[in-house]
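Q: how would this look folded up:
(2 chains)
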Amino acid sequence: MTGWLTAFLGIARRETLRFVNQRGRFLAALVRPLVWLFIFAAGFRAVLGLSITPPYQTYVLYEVYVTPGLVAMIQLFNGMQSSLSMVYDRETGAMRTLLVSPFPRWFLLGSKLVAGVIVSIIQVFTFLAIAWFWGITPPAWGYVAVIPALILSGLMLGAMGLFLSSAIRHLENFAGVMNFVIFPMFFASSALYPLWRMRESSPLLHDICAFNPFTHAVELIRFALYLQVNWTSLAVVMGCLAGFFGAAVFMYDPQKGLWARRKGGPS
Amino acid sequence: MTAAALEIDHVSHNFGAVQALQDVSLTVPRGGFTALLGVNGAGKTTLFSLITRLYNNRSGVIRVGGHDLRREPSKALARLGVVFQTRAMDADLTIRQNLIYHASLHGIPGRIARPRIAQVLDQVDLADKADARVTALSGGQSRRAEIARALIHRPDLLLLDEATVGLDVKSRAEVLALTRRLIARDGVSALWATHIMDEIAPDDDLVILHRGQVLRRGRADAIAGSQGMTQAFLDMTGVAP
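A: Here you go, the predicted structure:
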């Protein structure tokens, strides 16, 4: 058991060290949501009216509404960053060090996933601290209650990134992921506007948004930040986490995955 | 009877219609140095990918230290130290951080890993580079660091896939001499894949792999005969090494 813990801590330490060593990555991860909060949200406040919708018990400013969406955005980009680093590791050969470890592959991938979530939570709390100074002040206990939601949503988005990384052969293909996965997931969700607003303009788009797992990650975080549980979102996030992680483990398994039939392998 | 360090028994592998390996069998004895000679595309890296379980071995049997790779992958992989053809160390980390990371992937905690790191870096003559970034190393130093990484969990068998590729003559000789020293002193076994004739000593066990098939196995001087290794290889394969 100690060996397993050692392996997990080693993987977590490596991910944290890489994150610390790449200061630009930390800044980029922070600047992106802050630009949305300071500029985009300020502009939209005037044009987008929000009625009282759960979990809010009164009218809220657009900045308050959009903050959980931006938190989820940090985790979405972090998940994709992990995916990118998996592809990079594969291209540079560093991933082979991981994959020839005697520990089972599901455990190695799971450890990498959890390590990525730890990094994303550090980013989220830095963002929430800055947002607090901007007047976004959820209940104090909300900062504690949101942690399990952040863990689950971070795991789900990270697992999705892991799954995508198994299908992407080269770094150059990553632009496609940006265009076909990240942007549609982010914009077709409740991160920037409530779903009832979406229904007013297009029922079809509303249904797409409602099916989007990212919407449920956003709502899980939003409700937790205000000390409530959105059970539907919790179920969807957990289901998607199981699905994405299972698919990623399958894809990386030399006995079963697609790599087994491909020249070039997982390394 | 003690099991061989590595036994490969009737292993074949294909990528779709392309037959990469065909009925390959070879043995690396404990404490022995076995050279796997073949031109580029002979199937050496595919064979290494099967031994390290990066690819699924679908036919035949691979045993590392007597442990079947398919049935006991953890026990088999724990006995392997691998130096890949291309660099496999994390360029964002120092050598020490890389080695601690690798040790942890074998379940070795930091308090045990740290003295071992000092020891293996001393073995490969890189003690003064422990806190240097990987990117700051020369080609030869980098390969030696990879060997240190492969040794940190004290494996029984070292797999070295074209470990000298891209190195100058001096660095190549250093890396090869280091590997032979490890075998003589620590009793480690090694499978050394190469396409360079000069790296093979007359008394080495030699396996010649060509187009995915083992053409000859035996002592290098016996295979070379009186005509010399280069001519013998050319006669066997029709290709100059």
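Q: Could you tell me which residues of chain B lie near chain A?
A: Residues of chain B found near chain A (C-beta under 8 Å from any C-beta of the partner chain) are B:15-16, B:18, B:20, B:49, B:52-56, B:58, B:73-78, B:80, B:82, B:84, B:86-93, B:97, B:100-109, B:149. C-beta here means a position set from N, CA and C on the backbone, and glycine is covered the same way.
Q: Got a PyMOL select line for the buried ones in these?
A: To isolate the buried ones among the residues of chain B next to chain A in PyMOL, judged by 16 or more other C-beta atoms under 10 Å in any protein chain shown, type:
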select buried, chain B and resi 20+49+52+53+54+55+56+73+76+77+78+80+82+84+86+87+88+89+90+92+93+97+100+101+102+103+104+105+106+107+108+109+149
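Q: and the gap between the residue at the greatest distance from the centre of chain B and B:Leu37?
A: What lies farthest from the middle of chain B is B:Ser226; by C-alpha atoms, centre = their mean that is 28.7 Å. Distance of B:Ser226 to B:Leu37, computed by C-beta to C-beta, to the nearest Å: 19 Å.
Q: where does chain A dip in pLDDT?
A: Scanning chain A with the threshold set as pLDDT under 70 gives A:1, A:46-51, A:254-267.
Q: for it, what's the longest helix?
A: What stands out as the longest helix in chain A, according to DSSP state H, is helix A:62-92.
Q: how about the helices in the chain?
A: All of this refers to chain A. A:2-21, A:23-35, A:41-45, A:62-92, A:94-99, A:105-133, A:142-167, A:174-177, A:183-187, A:195-201, A:203-211, A:213-225, A:231-252.
Q: ah, no, chain B please
A: Using DSSP H, helices in chain B cover B:44-51, B:73-78, B:95-105, B:110-123, B:139-151, B:169-186, B:220-224, B:229-237.
Q: TSV please, covering these and showing mean pLDDT.
A: Compiled in TSV, the helices of chain B are given as follows (pLDDT from 0 to 100):
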stretch	mean pLDDT
helix B:44-51	92
helix B:73-78	93
helix B:95-105	93
helix B:110-123	91
helix B:139-151	88
helix B:169-186	85
helix B:220-224	90
helix B:229-237	83
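Q: Let me know which of those helices is the nearest to A:Thr215.
A: Nearest to A:Thr215 among the helices of chain B is helix B:95-105 (36.7 Å), distances taken as C-beta to C-beta.
Q: and the closest one, what does it pack onto?
A: Packed against helix B:95-105, as judged by 3 or more C-beta pairs under 8 Å, 6 or more residues apart in numbering or on different chains; DSSP states H and E, are the following elements: helix A:2-21, helix A:94-99, helix B:110-123, helix B:139-151.
Q: Who are the packing partners of the shortest one?
A: If contacts are counted by 3+ C-beta pairs under 8 Å, 6+ apart, helix A:94-99 sits against helix A:62-92, helix A:105-133, helix B:95-105.
Q: chain center to the shortest one: distance?
A: Relative to the mean C-alpha coordinate of its chain, helix B:95-105 is positioned 19 Å out (C-alpha atoms, centre = their mean, to the nearest Å).
Q: now do stretch A:134-152
A: Relative to its chain's centre, stretch A:134-152 lies at 16 Å (C-alpha atoms, centre = their mean).
Q: What's the end-to-end length of it?
A: End-to-end distance of stretch A:134-152 (C-alpha to C-alpha, to the nearest Å): 27 Å.
Q: picking up where we left off before, between the helices and strands packed on helix A:94-99, which gets nearest to B:Ala232?
A: helix A:62-92 (37.4 Å).
Q: Need the nearest residue in space to B:Val124, chain neighbours excluded.
A: The spatial neighbour of B:Val124 that comes closest, neighbours along the chain excluded (C-beta to C-beta, 6 or more residues apart in numbering or on different chains), is B:Arg144 at 4.1 Å.
Q: Pull up the gap between that neighbour and chain A, please.
A: With distances taken as C-beta to the nearest C-beta, to the nearest Å, B:Arg144 is found 16 Å from chain A.
Q: and that residue, how far is that from B:Ser171?
A: 9 Å.
Q: more crowded one of those two?
A: Neighbours per residue, other C-beta atoms under 10 Å in any protein chain shown: of B:Arg144 and B:Ser171, the larger number sits with B:Arg144, 26 against 18.
Q: ok, now which ones touch the more buried one?
A: B:Val124, B:Asp125, B:Leu126, B:Glu174, B:Val175, B:Leu178 (C-beta atoms under 8 Å, 6 or more residues apart in numbering or on different chains).
Q: can you pull the contacts of the last one?
A: When you say that, I think you mean B:Leu178. B:Leu178 neighbours (C-beta under 8 Å, 6+ apart): B:Gln123, B:Val124, B:Asp125, B:Arg144, B:Ile147.
Q: Try it again at 7 Å.
A: Contacts for B:Leu178 (C-beta atoms under 7 Å, 6 or more residues apart in numbering or on different chains) come out as B:Val124, B:Arg144, B:Ile147.
Q: What's the end-to-end length of stretch A:54-67?
A: For stretch A:54-67, the first-to-last residue distance is 15 Å (C-alpha to C-alpha).
Q: how distant is that stretch from the center of its chain?
A: 21 Å.
Q: swap in stretch B:155-172?
A: The chain centroid and the centroid of stretch B:155-172 are separated by 8 Å under C-alpha atoms, centre = their mean.
Q: A:Arg13: neighbour count?
A: Residues lying near A:Arg13 (other C-beta under 10 Å) number 17.
Q: quick one: it from A:Gly79, how far?
A: Going from A:Arg13 to A:Gly79 by C-beta to C-beta gives 20 Å.
Q: next one: B:Glu146
A: Relative to A:Gly79, and taking C-beta to C-beta, B:Glu146 is found at 31 Å.
Q: Look up how far A:Arg13 lies from the residue of chain B at minimum distance from chain A.
A: Nearest residue of chain B to chain A, counting by C-beta to the nearest C-beta: B:Ser104, 2.2 Å away. Separation of B:Ser104 from A:Arg13 (C-beta to C-beta) stands at 7 Å.
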